[in-house]
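Colleague: with the sequence up front, the predicted model follows.
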Amino acid sequence: MPYREETTSLFFNARASESSGAQSFEPELEPAHEVVWPEAPTVPLVISSPHSGNIYPARFLASARLDARTLRRSEDAHVDLLFAPAAALGAPLLKALFPRAYLDLNREPFELDPKMFEGRLPAYANTRSMRVAGGLGTIARVVGEAQEIYAHRLPIEEALGRIESFYRPYHAALRGLLESSLERFGQVLLIDCHSMPSSSIANEARQSDGRTIDLVLGDRYGTSAGLGIVDLMDRRLRELGYIVRRNKPYAGGFITEFYGNPSSNCHAVQIEVNRRIYMNEKTLERLPAFDQLAADLATAIGDVTEMLGAAGHQPRLAAE
């Protein structure tokens with residue numbers, strides 16, 4: 001298995017029967033995620049965009065004290081489109097259609113703040129993580145500059161329903177894509193795609209030129225991907241003119257940590273893109289530089305997949 005086995009039980013099976021009766025049907029979220037398939041999988045690559053969804057269910061908006069425009073501040077707008085040219089190299093692209101403010105797929109499945117809910121949380125819930133403390137658990141409490149999302153506590157059944165109906169299916173799909181690529185190619189690179197508000201890195205200037213970081217490559221400080229993969233991606237992006245930093249301030253979230261297991265030939269890298277370089281952060285409109293950035297990301301990712309393809313692993317045939 002490509003993912004880290006010590007958390008497999010919690011992730012896919014932990015007390016699933018307790019939450020299986022909690023349904024959170026949202027007619028706007030049918031389906032809740034989408035896989036954009038290539039004509040044929042030709043490279044050992046899977047692309048995930050867990051935070052670019054922009055379908056805000058009516059029931060969610062009714063329960064929120066914030067308007068949709070404010071809620072969208074936590075959305076990685078257009079990131080799925082930004083990485084589409086990389087997927088066109090011959091890889092599946094998995095994207096959530098619901099927003100991060102509704103359910104965060106880059107968290108543990110039960111990373112929950114007990115102060116947010118009416119009712120008892122499951123005993124296995126992680127209530128003490130730094131992300132929960134910051135209001136950014138699996139069900140977020142805040143967006144933007146610590147703005148509270150909800151006017152009232154939510155029933156715990158609502159949280160469990162979202163996890164059962166939307167979180168589990170997304171990760172089951174991601175797991176299937178990774179295992180399929182491993183079976184076909186003998187290895188796989190997962191690119192987990194995100195964007196960061198320019199304000200979050202405003203003080204991260206490069207030497208004396210005053211320019212801030214364009215891209216952050218997260219590999220959990222060298223533990224989620226082979227060093228050569230990140231070295232090559234870093235070097236190529238710098239050659240293309242971008243200011244790149246590794247692991248600071250974003251080393252990779254749950255997806256990168258959970259699925260990245262180089263010893264099993266499953267490599268995971270999180271890419272954070274400074275929103276300022278591809279969109280207007282107030283209106284969310286794409287800038288003219290969007291297409292060039294998308295092409296450059298595809299170039300860097302393509303170089304890495306070529307390296308992996310030259311490492312001696314050939315696609316396995318179905319008849320074998």
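Modeller: Received, thanks.
Colleague: output stretch 119-134 as CSV - backbone C-alpha positions only.
Modeller: Output in CSV follows, covering the C-alpha atoms of stretch 119-134 (Å, rounded to 0.1, in the frame of the first residue of the first chain):
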residue,chain,number,x,y,z
GLY,A,119,-23.5,16.5,20.9
ARG,A,120,-20.7,14.2,21.9
LEU,A,121,-17.7,13.8,19.5
PRO,A,122,-16.5,10.3,18.8
ALA,A,123,-13.8,9.1,21.2
TYR,A,124,-11.3,8.8,18.4
ALA,A,125,-11.7,12.5,17.2
ASN,A,126,-8.5,14.5,17.3
THR,A,127,-9.5,17.6,19.3
ARG,A,128,-6.1,18.9,20.3
SER,A,129,-4.2,19.5,17.1
MET,A,130,-2.7,22.9,16.3
ARG,A,131,-5.0,23.1,13.3
VAL,A,132,-8.1,22.6,15.5
ALA,A,133,-6.8,25.2,18.0
GLY,A,134,-6.5,27.7,15.1
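Colleague: was I right to think L182 contacts G176?
Modeller: No - L182 sits out of contact with G176 when judged by Cβ atoms under 8 Å, with a separation of 10.7 Å. C-beta: built from backbone N, CA, C; applies to glycine.
Colleague: tell me which of those two has more neighbours.
Modeller: With neighbours defined as other Cβ atoms under 10 Å, L182 and G176 compare such that L182 has more, 20 against 14.
Colleague: gap between the closest residue to the more buried one other than its chain neighbours and V46?
Modeller: Distances taken as Cβ to Cβ, 6 or more residues apart in numbering place V188 nearest to L182, at 5.2 Å, with adjacent residues excluded. Per Cβ to Cβ, to the nearest Å, V188 is found 6 Å from V46.
Colleague: so for those two, which residues contact both of them?
Modeller: L178, S181 (Cβ atoms under 8 Å, 6 or more residues apart in numbering).
Colleague: now do the helices in this structure.
Modeller: With DSSP state H, the ranges of helices along the chain come out as 8, 16-19, 58-63, 68-71, 79-82, 84-87, 130-133, 156-162, 168-185, 227-239, 254-259, 290-309.
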